[in-house]
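A.B. asks: Output the structure for:
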Amino acid sequence: MKYQLSKKHSLSSGQTLAEIVVAIGIVILLIGGLIVGTTSAVRASDQGRMRSLAVKYNQESMELTRQLRDNDWDAFQARSGLWCLDKPGTWTSGGSVCPVNIDNTFTRGASFTWNAGALRMEVATTVSWQDGAVAHQSQLFTYFTQWQ
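C.D. replies: Numbers count the residues shown, from 1 in each chain. Sure thing, here's the model as predicted:
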């Protein structure tokens, strides 16, 4: 009898150990899933925040461009090519590329093209940023005419 009890006791201990290993495995999978889900949510939130800031800076670019037009049409009409716009609203000629000029993150610029046939200035504003190895950008395009 004693031999059977030991054998039964030994089988029961082995089964409990297997249950514990399976339970630990399930807990590890659940925790891993929660970590991946939380990381993805934080990354998506950061990307949304960056996109929202880029759109804000881009809309601000258009407003500053509109001010240029309203202040002096002749000077505005003479503008051409790429112009960089930093956070305080200072315009500088950009050459071919604007440097990172807002919060060490965003690059903001506006491209001016005079269309003599239509008597209008075509303006494309762009705010771009890097997220790791991925480049993102927000772009707006409009026409300005001499309305006054």
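A.B. asks: gap between residue 51 and residue 44?
C.D. replies: Residue 51 sits 10 Å away from residue 44, going by CB to CB, to the nearest Å. Where C-beta positions appear, they are placed from N, C-alpha and C, glycine not excepted.
A.B. asks: These two: which is more packed in?
C.D. replies: residue 51 (16 against 10; other CB atoms under 10 Å).
A.B. asks: name the helices or strands packed onto the helix or strand containing that one?
C.D. replies: Residue 51 belongs to helix 2-71 when assigned by DSSP states H and E. When contacts are defined as 3 or more CB pairs under 8 Å, 6 or more residues apart in numbering; DSSP states H and E, helix 2-71 sits against helix 73-78, strand 107-115, strand 120-131, strand 134-144.
A.B. asks: Next, the angle strand 107-115 makes with it.
C.D. replies: Relative orientation of helix 2-71 versus strand 107-115 (axes from the mean of the first three to the mean of the last three CA atoms, to 10 degrees): 40 degrees.
A.B. asks: Give me the angle between helix 2-71 and strand 120-131.
C.D. replies: Using the same axes, to 10 degrees: helix 2-71 against strand 120-131 is 160 degrees.
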